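Chemist: Prediction below, plus the sequence it came from.
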Amino acid sequence: MEKRTSFIFMVFILTAAITTQAQRPQVGLVLSGGGAKGISHVGILQAIDSAGLKIDYITGTSMGSIVGALYAVGYSGKEIEIISNDLDWNVILSNKPSYSDIAIEEKDEYGKYSVEIGLKNMKPQIATGLIESEELWLKLNELFLPVYNVKDFSKFNIPFKCIATDLSNGNAVVLDKGEIVTALRSSMAIPSVFTAIDYDSTKLVDGGIIRNFPVTDVNKMGADIVIGVNLFLGLPDVSKLNNILDVFYQITQYRDAEDLVKEKKLCNLIIEPPVENYSAGSFVSVDEIMKIGEEIGKKYYPYFKHLADSLNAIEKVKFNPDNRLPERESIIIDEITFEGLDKTSQNQLLDKLQIKTGDSYTAEEINKGFRKAYSSRYYDKVYYHLYPTSRRHARMHCIVQETQMTQVKAGLLYHSYAGPALIANATIRNLLLNKSRTFVKVGVGEYMGIQLEHNQAFGQKGNQYINGIFISENLPLNMYDGSEKTSVYNMLNTTADMNYAITLENDWRIAVGTMFQKVSFNPSIADNLKIKGNSKNYHTYLKTESTTIDRPFYPTKGHEFRAEAGFLWHRRAKIEIYNSERTTADVSDLINGQPAFYRFALNFNKYHSFNKGTVLLFNLQTGLLLNSQNFIFDNFTIGGIQKVTANQMTFVGLNDTQINSSSIGSALVGLQYNFMGSFLLIGRANTGIHSFTTDDKFFDTEKMEWINGFSLGLAYNLSAMPMEYNVMYSPEIGAFYHHVKIGFLF
């Protein structure tokens, strides 16, 4: 009752103030910062639009500056809601490119480590914040392209200003000219969370530190009546600070708490949406926050309508919220200039951008090129400004912050099959020639591994590669009789691979090459006859690969496809068979002198989302060895949930390497349910056949065996340390197994 009385009194006072003026009063709107809580601003804008109330000036800080700027340039409240719903906040708040944008030649090492640090002169390089957010730069560039030619914010459909803080002296900086995207990115740069923005000779950070509710500034612009939307309802209890964004946002509010009292007194109407149960980092709850804004907008709609009618009684003003945005036009690029290039070249960047002078581009087409450049991993930041030269023509200025050419990475692993390990990687770009990537990776643990790789790009489009790869790792080969493990062979696998690859699309490539393979083996359990020795061969192959999934672990959409065909030749072996009495026999001639045999393998994964939480999983795989001698170290090893070894075919219900066979065909269906936060429940069911290929038959129904398997798992999709636990069962084996994976595979 008290709030309603206060509301009616406010309307009465404003009506009296309006009627005493000879000319139409100017209305100012102030939108405060608040992180995710700022989404509630949108519902209030929708109510203002519905009431037909024309806003004359807007100021904002942080999230309020972004919402306010969108409204100022001409987006309606409803259009801003659609924009918000389409945003992938996980990508925007990430400091990494989207996995689906990563070039396929980079996916093998992307997102597979807990920590990545750049080195310069062998010293770690620490940024001014955790998040650069390339995607935020690009998305804002796309949204504000209709006003690319407006560098004075007072010339927007509604004059606009936003607030940032000078990092050198702590003073407020009012931004009303220049690049709108840079201004907005400065206004929301929460210290130590988002990187600071270069501005003249200083750096700018979040305006919420000094003036989160910039009413003074809208008054200076000429507002007679001020509507303020304030999201700061006092410092929250520390028990509600759930993440790093919440903690740093709390720190920025200490000084603003004092300024807020003064600024609120300058408002004619203060709206404070009830978002106290949410924090600055509650981006997983944007739908709920949006609804709160809509409800509070409906509550204040009568005020907005009465104010609009009163103002129109003084002077009628035409106002259509849906027709204020300038036409979205494609832009002809007259010239491309560069800033920040040092270790990489203009041609290397242009290869990725695929933007040419004299051609016309939409915002989406421009962003596609910049996402591709960013996803090349050569740049920590790569974005652009457009400077108008004539109507629909512009000079594009590319601003680059290069990735340190040397990167060190580290991750941890525990796997039921491979055991515990520390995985470390050192990557150097352009070590030998431009457009190259060289890395060494080591796994140190129960089983050891090392990988050396050099990738050299060439060609006009930079999409052709010569790749040299050396891998040496020791892993066990477990032999089973049904559910019983009968022996374990320690194996040292060494391969040296040279191939030529061409990337046809960002997510599809074809490669042809030859590798030298050597496997050395000996038993650690010697119950019956055992094999000890080594075999060598060359493997010439043609393979293709396509990957469109949205993230490396627990994808929600897209596919993975890999197919390979090849032949193994020039086989040489030194093999001894011995029994428990250590009586030996040299059987090397069973391999030596044998003709080449053929290998074919295919794996296809498909992920389809029914809704935000439920994903259908599908897998189809097959492997065939033709004219082989059914040598166990050549065969496919069947079992496990993640692929750990080169010859492995995964199959839930079985332990890794539980079945050894020269042929396999299987299908899997599963359901992945995101039931809380990053927790996932995953059910899988496999069915397949194996051992159907023999020396004299491509498909021998008498030798063929059926196998089925099921698993139920709980996963936690933490980007720095993904975890998964599964219980598995196969009716043909008749045993339950536990499967654990923590961290990243080698």
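Modeler: Ah, there it is.

Chemist: Make sure residue 276 is actually in contact with residue 233.
Modeler: Yes: Residue 276 lies in contact with residue 233 (Cβ atoms under 8 Å); the separation is 5.2 Å. (C-beta placed from N, C-alpha, C; glycine too.)

Chemist: And for residue 115, the neighbour number?
Modeler: If you count neighbours by other Cβ atoms under 10 Å, residue 115 ends up with 11.

Chemist: which non-adjacent residue is nearest it?
Modeler: residue 410 (5.1 Å; Cβ to Cβ, 6 or more residues apart in numbering).

Chemist: Could you verify that the one you found is part of a strand?
Modeler: Yes: counting by DSSP: H, G, I helix; E, B strand; the rest coil, residue 410 falls inside a strand.

Chemist: which residues does it contact?
Modeler: 113, 114, 115, 422, 423, 424, 425 (Cβ atoms under 8 Å, 6 or more residues apart in numbering).

Chemist: Let's see if you can find the most crowded of these.
Modeler: Highest neighbour count within the contacts of residue 410, by other Cβ under 10 Å: residue 423, with 22 neighbours.

Chemist: Which helix or strand contains that residue?
Modeler: Element membership for residue 423 (DSSP states H and E) is strand 419-429.

Chemist: Show me what the next helix or strand along the chain from that strand is packed against.
Modeler: Using DSSP H and E, the helix or strand that follows strand 419-429 towards the C-terminus is strand 436-445. Helices and strands touching strand 436-445, by 3 or more Cβ pairs under 8 Å, 6 or more residues apart in numbering; DSSP states H and E, are strand 419-429, strand 449-458.

Chemist: Report the rounded mean pLDDT for the helix or strand encompassing residue 139.
Modeler: Following DSSP H and E, the helix or strand that holds residue 139 is helix 134-143. Taken as a whole, helix 134-143 carries a mean pLDDT of 91.

Chemist: residues in contact with it?
Modeler: By Cβ under 8 Å, 6+ apart, the residues outside helix 134-143 that reach it are 66, 70, 75, 83, 87-88, 91-92, 94, 97-98, 180-181, 184-185, 363-364, 366-367, 370-371, 374, 381-384.

Chemist: Could you do stretch 437-448 as well?
Modeler: Identification of contacts with stretch 437-448 by Cβ under 8 Å, 6+ apart yields 106, 109, 377, 413, 418-429, 431-432, 449-455, 473-476, 746.

Chemist: Now the buried members of the residues you listed.
Modeler: Among the contacts of stretch 437-448, those buried by neighbour count (16 or more other Cβ atoms under 10 Å) are 109, 377, 413, 418, 421, 423-425, 427-429, 449, 451, 453-455, 473-476, 746.

Chemist: sorry, back to before: in JSON lines: the helices and strands packed on strand 436-445, plus mean pLDDT.
Modeler: Shown next, in JSON lines, are the helices and strands packed on strand 436-445 (pLDDT from 0 to 100):
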{"stretch": "strand 419-429", "mean pLDDT": "96"}
{"stretch": "strand 449-458", "mean pLDDT": "96"}
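
Chemist: which one of these lies closest to residue 327?
Modeler: Smallest distance to residue 327 across those (Cβ to Cβ): 39.5 Å, for strand 449-458.

Chemist: name the helices or strands packed onto the closest one?
Modeler: Checking 3+ Cβ pairs under 8 Å, 6+ apart, strand 449-458 ends up next to strand 436-445, strand 464-481.

Chemist: could you redo the ones you listed as TSV and give each row mean pLDDT?
Modeler: Listed next are the helices and strands packed on strand 449-458 as TSV, based on pLDDT from 0 to 100:
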stretch	mean pLDDT
strand 436-445	96
strand 464-481	94
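
Chemist: Tell me which of these sits nearest to residue 534.
Modeler: strand 464-481 (12.8 Å).

Chemist: quick one, the helix or strand just after that closest one and strand 449-458 angle?
Modeler: Downstream of strand 464-481, the first helix or strand assigned by DSSP H and E is strand 484-505. Angle between the axes of strand 484-505 and strand 449-458 is 10 degrees (criterion: axes from the mean of the first three to the mean of the last three Cα atoms, to 10 degrees).

Chemist: All set now, cheers.
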